[in-house]
Each structure stands twice: as C-alpha cells, then as structure tokens.
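Undergrad: I would like to see how this sequence folds:
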Amino acid sequence: MTLRDQILQVLISGISSGSIYAIIGIAIATVYNVTKIFDVSQGQYMMLGAMMVCLFRSSGFSVILSIVLALVISIIAGLLIWRILFYKSSQKLPHLTSIMITFGVAMFIEGVAYLFLGTDTRTTPYYLKIAPIRIFKATVSPQAPIIYGWLLVTVLGLFFLFNRTLLGKGLRACHEQLLGARLVGINPRSMMYFSFFLAVLVGVAGGIVTVPLTAASYSMGWNLVIKGFLAAIVGGISSFQGVIVGGLILGLLESSAAGFISSSYASIISLAIFVLALLFRPTGLMGSVESKV
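TA: This next block holds a predicted model:
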C-alpha cells in the first residue's frame, strides 16, 4: 500500500470512528441541553441496541424485524428507567446527585446485559449486501454509509426540532430559564422526559447501525460514553454541529496515531485533546455559554 492509500485508509477509518463518537456525543448533548444533566448512561443504551439486534438476528429474525424489536424494546426499557427514577424528582435533585444516579443506571443496565446476554462479543452481518467500496486501494466498509446517513439524519432532525418548532423552543427554554418556562405554561417534566426519549432513540439506533462494523459486548458502553463526552467537550456540547466536529477530530487523530505511530497512543491522544480543550476552549470549538443547538 502506497503512502497515499495509507493516508486515505486512515482518513476513512477516522471518519467512521468519529461518526460513532459524534452519535453518542449528540445523545449526551440532547439531554444536557434540556436538563443540564450529564447522562453517563447513554453509552449503555447504545450497547443495548447493538446487543439486542445481534441477539434477534442470531435467533433467525429478519433484518427489519430485528432492528424494530431492538429499537422498541431498548427505548421502552430506557423510558421506564427514566420514569421510575427521574420523572417525579428530576427538578428537585442536585445536578451532582442526578449524574450519580445516571452512573448507577449505567451499571445496572450493564449488569442486566451481563446476566441475560452473556460476556461473548456479538457480531452481525452487514445490513447492505454490497461489496466493500474501494477508493484506490483503501476500503470503505459497506456499513459506513449507513452510519454517516444516521448521523446526518440525526443532526438535521434535531437542529430543525430545536430551532424551527414550538416544541424545540420549549425544550430550549427549560435549559436556559426553567422558571420562566414554567411561568409561560411549559411543563418542564414533560420536556425533560421527551429530551431523554430523543437521546435514547439516537443512542439505541446508533448502536444498531454501528454494530456490524464494531461488534458488541456488554461492557462497550463505558468506552463509548467517554468518547462521546470527549467529542461533546471538544466540539461544544451546546452545539450539535460542534459535537460532530469534535467527534470527527477525535476519530481522525486516533486513527492517525494508530496508523502512523501505534494504536497504544490513541487513548493518550484522546486525553490530551480533552485537557487542551478544557484549558484553552472550555466551551468547545463551536460552543458558547448559552445553548445554540
């Protein structure tokens, strides 16, 4: 493989990884931009979607039915958890307490997955029965276009919702001025609940579309949520576009380190990016103090 082809392969791998980081980062940002809560359980919902679709496909279900069942079951589970733990008390708990509850939720979901789905790494065939896409001698996975497509649909859909609809303005109002939102008749609990539904939908569907490329295990959620947080912080958690930029930067730098130096340096680079972002641009590359989703 020539240097040109090696660079192309690194770029392709980096964009694919960065897109996955951006998806989980957007799920985290969706909850934060309404509730001001950093939900560390979002990685587990992505894991749940990935594991469930692998389970159903290995049991002989069709691709479409497996995706629908994984999506519906995972979303219902997430909404039940939120309803039980947060719906009545989400506005009364200190933010640190809320974050610790989401940490406990993440451990609970991981434990349930461990008990019922096992410790084996699960895989599933590509959804599109096409040959790998060749660019010179570099290869693009048949699953990559689906990942890019879901990321694009997600960010455009959420941008339209938050900026062009009354519902979106209500969601933003809960983040920017909770008391004012309540005074004009907005129900903050309902807005928070809906934001969590959106985040779970993004995360679960993200797990479903990425699992043919990455495989799935019960413990994958922690790594995903860390990378999602890094993408959100680097790009700016107040901006969905910024989260995408942060995810792509993170993915490209990790891919470059793995391709040209050593894969063992990828995590070090991620941490270095996080520290530099906090030091020199704490609101992120495209973020601001106020939400501008």
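
Undergrad: Surely W82 and F196 touch.
TA: Yes - with the criterion set as Cβ atoms under 8 Å, W82 and F196 qualify as a contacting pair; they are 4.8 Å apart. Every residue, glycine included, has its C-beta placed from N, CA and C.

Undergrad: so V105 is in which element?
TA: helix 95-117 (DSSP states H and E).

Undergrad: buried sites along stretch 119-128?
TA: Within stretch 119-128, the residues that qualify as buried by neighbour count (16 or more other Cβ atoms under 10 Å) are R122, T124, Y127.

Undergrad: okay, how far is it across that stretch, tip to tip?
TA: Using Cα to Cα, to the nearest Å, the gap from the first to the last residue of stretch 119-128 comes to 27 Å.

Undergrad: before we move on, what about stretch 232-247?
TA: Taking Cα to Cα as the measure, stretch 232-247 stretches 7 Å from start to finish.

Undergrad: what about that stretch, average pLDDT?
TA: Stretch 232-247 shows a mean pLDDT of 87.

Undergrad: ok so, going back, higher neighbour count, W82 and F196?
TA: Under the neighbour definition other Cβ atoms under 10 Å, W82 and F196 were set side by side, and F196 has more, 28 against 23.

Undergrad: How is that one assigned, secondary-structure-wise?
TA: helix (DSSP: H, G, I helix; E, B strand; the rest coil).

Undergrad: Contact partners for it?
TA: Applying Cβ atoms under 8 Å, 6 or more residues apart in numbering, we find F196 in contact with V31, T35, D39, G78, L79, W82, F86.

Undergrad: and what of T154?
TA: The neighbourhood of T154, defined by Cβ under 8 Å, 6+ apart, consists of I23, I26, V202, A205, G206.

Undergrad: number of nearby residues for L178?
TA: Summarising burial for L178: neighbours were counted as other Cβ under 10 Å, giving 18.

Undergrad: Same check on F108?
TA: Under the criterion other Cβ under 10 Å, the count of neighbours that F108 has is 14.

Undergrad: Distance of the residue lying closest to it once chain neighbours are set aside relative to Y45?
TA: Spatial nearest neighbour of F108, chain neighbours left out: I81 (7.9 Å); criterion: Cβ to Cβ, 6 or more residues apart in numbering. Note on I81: its distance to Y45, by Cβ to Cβ, to the nearest Å, is 9 Å.

Undergrad: same thing with A70?
TA: In this view, A70 and Y45 are 11 Å apart by Cβ to Cβ.
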